[in-house]
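Undergrad: sequence plus the predicted model coming up.
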Amino acid sequence: MLRLFLFFIAFLPILNASAGEPVRVVVTTNSLGMLVNEIAQPLVEQRQLELKVLASPGRDVHYLDARPSFMAAVRRADLLIDTGAGLEEGWLPAITANAANPDINSGQPGRLSLAASLQLRPSITTTGPHAGHVHRHGNPHFNIDPLRMAKAARLVARRLGHFFPDQKALLIKRSYHLEQALKQTAEYLSEQLIPGQRFIAYHEDVDYLEAWLPVQNIGYLEPLPGLPPTSKHLRELVEKHQQQEPARVLYARFNPDQGARFLNERLGWPTYALPLEPETPDWNGYKELLQVWANAFEQKS
Amino acid sequence: MIKKSVQKSLLALAVGVASGSAVAADHGNSDVDVSIILEGLFYNELSSGTSSPEGFGDSGHDHDHDHGDEGHQHGFEEGFGIGHSELAIDAGLGALLDGRLLLGFDDSDVAVEEAWVKTRSLPAGFQLKFGKFLSDIGYANSRHNHSWDFADRPLVNQYLFGDHGLQDVGLQGTWQLPTENYALLGVELLQGQGNTFDAYAEQEDVLEEQDSGPRVVTAFMKYGPDLGADHAVQLGLSGGYANQYVGGYDKHFHGTEPHTTAQIGSSWFAGVDGVYKYSSGKAYGEGDLRITSEYFYVARDLAQYSGDYHEEDGDYHLEGAIKGDSYTEEQDGFYVEGVYGVLPRWQVGLRAEALGLINEKWGGGHDTELDSLDASYKYSGQITWRPVEPVFLRTQFNHKDFAGDDGSSNEVVLQLNVALGAHGAHNF
């Protein structure tokens, strides 16, 4: 029986991507897809690069199923780009361990975990109490900060250059332009805001707005990252802030709105349900998203 | 070699625990993840009835495993119980291999449930797994009970494959096709350690020597199309063959003449499975729906062997076995279950099961007549609350309508399950 089995293994046809096939790039989110699309746009148009985004926008990237379709995409990927720092921890390891694709193992040119090369905001889970999930490498939601996205663009361009050595100069140049666009947009939007506005975030994700807008995060609706707001914690927030200047409450669209409503009723603070990912993985989508985030604050008249 | 790596892992476990949960709860650069699943159960039989479905032996309640050291509990006992807890150590050898050691334990026994390495460096979509593992046939078989949607194993898996499902030592080879839709082919060669499917009654006067093994071969395929952001499906087909099955062993006397009979042959199975998941996109599982179903059919091509004894020096010695008439036992089982997120962090689930819709079983004795036995049914409902992601509390009601003399029964199970440490990502 063993011999039969080895025979079976040895003689199964070995299929490799033949020449002329596009370089397949798989990314976990639309934000990362935007980086690839903008930097490699000519290659995408010439179908030398095929981009696949795993998480659909509007979903909480912390909690996805390790779907068969993800497995199929990663099986055929030449390059897998993920956020890293634990964001996709709940499902991506199950994909990469079972997708039978040695090219995307960590340490290979076919794998880029962006957070590993970026300076992240520290996660409150590393110093404070936590509920089982510790983001030791920092707060992974850097896609909410266009300045860090600019740095990520450079990393993506260099890595794409590995797959398109002839186009490397072009890719680097395009990433430079994207960096400029990201920085200029961030600066422009920042200048429109009345500085010093404060906000409470549902989860430690939109607190990245602090990094590029003149705003200040003063707390979280979640008592601990990953734990839904408790009435005790919400009451404490109300008590702590009722004598202070009004602020606003920001939460992701997929988060329940009860916590934000509670603060709105008790303190009269405005609340904003924000998308965390662009609707489309391109510059227009991302630029719109930056505007939506900035619009959650009061503009200079 | 295996011993050494276990020692190493245990050392790493000690280091992981000593340096605090911040290390243990993050993948990071550390190559070793340790997790502990602790379970607490309260079980109460509200009304008692037939405890074991007709034609399916005594698997289930208060059983003792007949394979030596694996005496920990899987059935429920009245009152409080520690249930089925686990210590899992996952480690990687760089980009070459992943390894896992999983110990299942209750308050008195520990057993190695999984101890395997799996490649992540073979080309062209191939992967090999070697060691003791849960077979990838069907859907529920390869899952541990903390990721089940109900407190107990589906009847079809328990009674056709065993209290651990089909779990054995062997080699698994899989090939994931380079297709746009997920498609996986797999073959397993398993030693055949005496699971329900490949039972072997070892006696001092065996009628037939046990084959050296591997005695079980399985094959499976899985298919999953891309249905967009909201829907996902995985369908599976599986089958297997055990080249030696020995059951119904009996030593008895005809007058003063000692006599032995056993039912010897082979067995095979075939099954289909499917899982559908709807993802609402809301937080904490609200509005999510999961429907799972499996059907398995088992046939055992058996013959009755009998042997006489002669007396020598006061001992009885087996004369040699004579093959009698042949017959084929057939049994099957089915379940369908659905779980829905009614509120954030709250799920309700319903499950309907049938066992022995085909239930052709040897009737015992010297005849090779088959009994056509009735089917057994079980209906379950559960409510699960997850206060935080790694913890759940479940209340489950079972109505068992098992074929047999004592009628139907009702039972309630309360289950508390806590995952501590860096528990790995779950498969679909």
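TA: Noted; the coordinates are in hand. Numbers count the residues shown, from 1 in each chain, chains lettered A, B, ... in the order given.
Undergrad: name the nearest residue to the residue nearest the centre of chain A, ignoring sequence neighbours.
TA: Centroid-nearest residue in chain A: A:Asn143, 4.6 Å away (criterion: C-alpha atoms, centre = their mean). Spatial nearest neighbour of A:Asn143, chain neighbours left out: A:Ser31 (3.7 Å); criterion: C-beta to C-beta, 6 or more residues apart in numbering or on different chains. C-beta coordinates here come from the backbone N, C-alpha and C atoms, glycine included.
Undergrad: so who does the one you found touch?
TA: Applying C-beta atoms under 8 Å, 6 or more residues apart in numbering or on different chains to A:Ser31 gives the contacts A:Asn143, A:Met149, A:Glu277, A:Pro278, A:Pro281, A:Tyr286.
Undergrad: of these, which is the nearest to chain B?
TA: Using C-beta to the nearest C-beta, A:Glu277 comes nearest to chain B of the contacts of A:Ser31, at 11.8 Å.
Undergrad: would you confirm that that closest one contacts A:Leu54?
TA: No - counting by C-beta atoms under 8 Å, A:Glu277 does not reach A:Leu54; the two are 11.6 Å apart.
Undergrad: overlap in contacts, these two.
TA: A:Thr29.
Undergrad: what's the pLDDT at B:Arg100?
TA: Per-residue pLDDT puts B:Arg100 at 95.
Undergrad: hang on, it is in a strand, isn't it?
TA: Yes - checked against DSSP: H, G, I helix; E, B strand; the rest coil, B:Arg100 lies within a strand.
Undergrad: what is the burial count for it?
TA: 22 (other C-beta atoms under 10 Å in any protein chain shown).
Undergrad: what's across from the closest residue to it other than its chain neighbours in the sheet?
TA: If the residues on either side of it in the chain are set aside, B:Arg100 comes closest to B:Asp90, at 5.1 Å by C-beta to C-beta, 6+ apart. Beta bridges link B:Asp90 to B:Asp33, B:Arg100, judged by DSSP bridges.
Undergrad: identify the residues contacting B:Asp90.
TA: Residues near B:Asp90 by C-beta under 8 Å, 6+ apart: B:Val32, B:Asp33, B:Val34, B:Ser35, B:Asp98, B:Gly99, B:Arg100, B:Ala422, B:Gly424.
Undergrad: could you redo the last one with a cut-off of 7 Å?
TA: B:Asp33, B:Arg100, B:Gly424 (C-beta atoms under 7 Å, 6 or more residues apart in numbering or on different chains).
Undergrad: sorry, back to before: considering the contacts of A:Ser31, which possesses the most neighbours?
TA: Neighbours here mean other C-beta under 10 Å. Within the contacts of A:Ser31, the largest count is held by A:Tyr286, at 28 neighbours.
Undergrad: phi first, then psi, for that residue.
TA: Torsion angles at A:Tyr286 (phi, psi; degrees, to the nearest 10) stand at phi -70, psi -40.
Undergrad: quick check, the residue nearest to the centre of chain A in contact with A:Lys151.
TA: No - under the criterion of C-beta atoms under 7 Å, A:Asn143 makes no contact with A:Lys151, lying 11.9 Å away.
Undergrad: circling back to that earlier point, mind checking which of the contacts of A:Ser31 are in helices?
TA: In helices, judged by DSSP state H, the following of the contacts of A:Ser31 are found: A:Met149, A:Tyr286.
Undergrad: which SS class is the residue nearest to A:Met149 when sequence neighbours are not counted?
TA: If the residues on either side of it in the chain are set aside, A:Met149 comes closest to A:Leu182, at 5.6 Å by C-beta to C-beta, 6+ apart. Classification of A:Leu182 using three-state DSSP returns helix.
Undergrad: got the contact list for A:Leu182?
TA: Residues in contact with A:Leu182 (C-beta under 7 Å, 6+ apart) are A:Pro146, A:Met149, A:Ala150.
Undergrad: may I see those residues arranged in a markdown table, with pLDDT as well?
TA: Converted to a markdown table, the contacts of A:Leu182 look like this (pLDDT from 0 to 100):
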| residue | pLDDT |
| --- | --- |
| A:Pro146 | 97 |
| A:Met149 | 98 |
| A:Ala150 | 97 |
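Undergrad: could I get the residues you listed in TSV, plus columns for distance to A:Gly58?
TA: Formatted as TSV, the contacts of A:Leu182 follow (distance: C-beta to C-beta, whole Å):
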residue	distance to A:Gly58
A:Pro146	20
A:Met149	19
A:Ala150	24
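Undergrad: ok and the residue in the stretch 101-250 of chain A nearest chain B?
TA: Of all residues in the stretch 101-250 of chain A, the one sitting closest to chain B is A:Asn105 (3.5 Å; C-beta to the nearest C-beta).
Undergrad: need the contact list for that residue.
TA: Counting by C-beta under 7 Å, 6+ apart, A:Asn105 touches A:Arg111, B:Ala95, B:Arg120.
Undergrad: got the phi and psi for the first one?
TA: Backbone dihedrals for A:Arg111, given as degrees, to the nearest 10, come out at phi -130, psi 130.
Undergrad: A:Asp78 is in contact with that one, correct?
TA: No - counting by C-beta under 7 Å, A:Arg111 does not reach A:Asp78; the two are 10.4 Å apart.
Undergrad: and B:Ser212, how far from B:Tyr249?
TA: Separation of B:Ser212 from B:Tyr249 (C-beta to C-beta, to the nearest Å): 20 Å.
Undergrad: those two: who's more crowded?
TA: B:Tyr249 (19 against 7).
Undergrad: please report how far the more buried one lies from chain A.
TA: Plainly put, B:Tyr249 is 25 Å away from chain A if you go by C-beta to the nearest C-beta, to the nearest Å.
Undergrad: that residue - that's part of a strand, no?
TA: Yes - per three-state DSSP, B:Tyr249 lies within a strand segment.
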